[in-house]
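Novice: Sequence plus the predicted model coming up.
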Amino acid sequence: PFLMKGMEQGVELFLSTIKNNERIVIWGDYDADGVPGAVIIASFLQKIGYQNFDVYIPDRHNEAYGLNPEAIAELANKETKLIITVDCGITDIAEVALAKEKGIKVIITDHHLVGEKLPEADVIINAKQIDDQYPYKLLAGAGVAFKFVCAVLARQRFDIPVGWEKWLLDLVAIATITDMVSQTGENRLLSLYGLKVLRQTKRLGLIALCDLMKTRPAYVTEDDISFMLGPRINSASRMSHASQAYYLLMTNKDAEAKTIAKHLEDKNKERRDSVEIIIKEVAETLEKDFASGLPAIIVLGSDNWSLGVLGLTCSRLVEKYGRSVWLWGKNGVGEIKGSCRSDGSVNVTEVMRLANELSGGDLFLDCGGHPMAGGQCAIIQ
């Protein structure tokens, strides 16, 4: 892990914060990559008996992707001294500057594409940095978090038995498979051994979820993660709040595990219904407004569409219509937010960057993601 740029410095800062018993906040993304990644670091802190930490996961519906100034101000009031991000932060230049201004140090761990300018965080750990020497560039966000914990333990074991960290690989496998990063190289290895751990999992939440899906953890496959476990974990942020998925993966109480698992099962059903409704409305609109032929890209939206399912719906529509799809809805504070998926002909993050550049920088409030899948973007009307 120390081949990653910033890893040595990140571990040193993390360990010094622990030594001084200062408040740490793990800031995770709200999907099935960021949440398991946050659980990885939280599980480590819990294992060593460190109590002065918290986990912050934004509300997908009412907060921007990644860091946001309102929450940073709130964390500063709670005497937070270190924020460590998981699966986000690489584009949050102004937000990191605000955190530093308020006396909060920042470690960014991320795997998303880097921009021309990087946040002035204390440490950035992302193998996609231009001068990074790590040989594999395609780890999921939780994969980066796992490498970070491995690096911390390489410097200080805290009397934790050698090999304990391998029990975190079930979380890495869930994130790596669900986030649809390339199943090659190290990712393939992490998924392989993560499945072996998942089949022996002691996480009561995963056991309860498998029970509702009428499957046994011992027989879980990568398809089960892709089409059953992952969507249910993701349904927390899509239809309510991602904290439910975090509590599911962290709980050591059987009754709580069963209650949360049932909640996520119900939300997953709502999620499926929402996707079907939007697909139907899109089909009706295209048939009415584009009877003579489909546009080169599909851009549609409605105030009534659930923000949490737009990415999923985009993917379905790309398959159906064979072109890039951009969908938007409106969040609880009146901002238009959207998701986009490419059909392979364009890099959607580059499209957003160029569009913002050509408009003088006043089109997108926030945007990012991967070449094939753009994260939710706040758009100025």
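Specialist: Noted; the coordinates are in hand.
Novice: What separation do you get for the residue of the chain positioned farthest from its centre and residue 74?
Specialist: Using CA atoms, centre = their mean, the residue of the chain lying farthest from its centre is residue 292. It sits 39.4 Å away. Distance of residue 292 to residue 74, computed by CB to CB, to the nearest Å: 52 Å. Glycine gets a C-beta too; all of them are placed from N, C-alpha and C.
Novice: Repeat that for residue 150.
Specialist: In terms of CB to CB, residue 150 sits 31 Å off from residue 74.
Novice: Between these two, tell me which one has more neighbours.
Specialist: Shown here are residue 150 and residue 74; by other CB atoms under 10 Å, residue 150 has more neighbours (17 against 12).
Novice: and that one, what does it touch?
Specialist: Going by CB atoms under 8 Å, 6 or more residues apart in numbering, residue 150 touches 1, 165.
Novice: tell me the phi and psi of the residue farthest from the centre of the chain?
Specialist: When read as degrees, to the nearest 10, the backbone of residue 292 gives phi -80, psi -10.
Novice: pLDDT at it, what is it?
Specialist: Residue 292 carries a pLDDT value of 85.
Novice: Next: residue 381.
Specialist: The model reports residue 381 with a pLDDT of 50.
Novice: do the same with residue 376
Specialist: Looking at residue 376, its pLDDT reads 58.
Novice: what does residue 363 give?
Specialist: If you check residue 363, the pLDDT there is 80.
Novice: if I look at the residue farthest from the centre of the chain, how far off is residue 130?
Specialist: As for residue 292, its distance to residue 130 is 46 Å (criterion: CB to CB).
Novice: Give me the longest helix you can find in the chain.
Specialist: Identified as the longest helix of the chain according to DSSP state H is helix 254-289.
Novice: by contact count, what packs against it?
Specialist: For helix 254-289, the packing partners by 3 or more CB pairs under 8 Å, 6 or more residues apart in numbering; DSSP states H and E come out as helix 204-212, helix 230-239, helix 243-250, strand 298-301, helix 310-321.
Novice: For residue 278, which of the ones you listed is the nearest?
Specialist: Within those, the stretch nearest residue 278 is helix 310-321; the backing value is 4.8 Å (CB to CB).
Novice: average pLDDT across the next helix-or-strand element following the closest one?
Specialist: Of the helices and strands lying after helix 310-321 in sequence (DSSP states H and E), the nearest is strand 325-330. What strand 325-330 shows for mean pLDDT is 92.
Novice: what does stretch 21-31 give?
Specialist: Stretch 21-31 shows a mean pLDDT of 97.
Novice: do the same with stretch 216-235
Specialist: Stretch 216-235 comes out at a mean pLDDT of 94.
Novice: Stretch 256-270 now?
Specialist: The average pLDDT for stretch 256-270 rounds to 95.
Novice: which of the residues in it are buried?
Specialist: 256, 257, 258, 259, 260, 261, 263, 264, 267, 268, 270 (16 or more other CB atoms under 10 Å).
Novice: What distance do you get for the first one to residue 165?
Specialist: Right, residue 256. Residue 256 is 25 Å from residue 165, by CB to CB.
Novice: now the second one
Specialist: When CB to CB is applied, the distance between residue 257 and residue 165 equals 23 Å.
Novice: and what of the fourth one?
Specialist: Distance, residue 259 to residue 165, using CB to CB: 29 Å.
Novice: what's the answer for residue 228, then?
Specialist: Distance of residue 228 to residue 165, given as CB to CB: 26 Å.
Novice: Ok, residue 233 next?
Specialist: Counting by CB to CB, the gap from residue 233 to residue 165 is 21 Å.
Novice: who has more neighbours, these two?
Specialist: Neighbour count, other CB under 10 Å: between residue 233 and residue 165, residue 233 has more, with 29 against 19.
Novice: roughly how far out does stretch 60-77 sit from the chain middle?
Specialist: Its chain's C-alpha centre and that of stretch 60-77 lie 15 Å apart, by CA atoms, centre = their mean, to the nearest Å.
Novice: How about that stretch, which residues are buried there?
Specialist: In stretch 60-77, counting by 16+ other CB under 10 Å, buried: 60, 61, 63, 64, 65, 66, 67, 68, 71, 72, 75, 76.
Novice: now do stretch 29-47
Specialist: 29-45, 47.
Novice: In helices only, show me the residues you listed.
Specialist: Among those, DSSP H puts 34-45, 47 in helices.
Novice: and which of these is nearest residue 117?
Specialist: Ranked by distance to residue 117 (CB to CB), those are led by residue 34 at 22.8 Å.
Novice: pLDDT wise, what is that closest one at?
Specialist: Here, the pLDDT recorded for residue 34 equals 97.
Novice: likewise residue 335?
Specialist: 81.
Novice: okay, now it: neighbour count?
Specialist: Counted with other CB under 10 Å, the neighbours of residue 335 add up to 21.
Novice: correct me, but it touches residue 364?
Specialist: No. Between residue 335 and residue 364 there is no contact under CB atoms under 8 Å: 11.2 Å.
Novice: What confidence value was assigned to residue 351?
Specialist: 88.
Novice: Oh, that last question was meant for residue 277, not what I typed.
Specialist: 96.
Novice: Reduced to three states, what does residue 337 come out as?
Specialist: Following DSSP: H, G, I helix; E, B strand; the rest coil, the label given to residue 337 is strand.
Novice: mind checking how far it is from residue 347?
Specialist: In this view, residue 337 and residue 347 are 20 Å apart by CB to CB.
Novice: In terms of neighbours, single out the busier of these two.
Specialist: residue 337 (24 against 16).
Novice: How many neighbouring residues does the residue nearest to residue 317 when sequence neighbours are not counted have?
Specialist: Spatial nearest neighbour of residue 317, excluding adjacent residues (CB to CB, 6 or more residues apart in numbering): residue 325 at 4.4 Å. The tally of other residues near residue 325 (other CB under 10 Å) stands at 26.
Novice: residues in contact with residue 325?
Specialist: Counting by CB under 8 Å, 6+ apart, residue 325 has contacts 297, 298, 299, 314, 317, 318, 340, 341, 343.
Novice: Cool, thanks, signing off.
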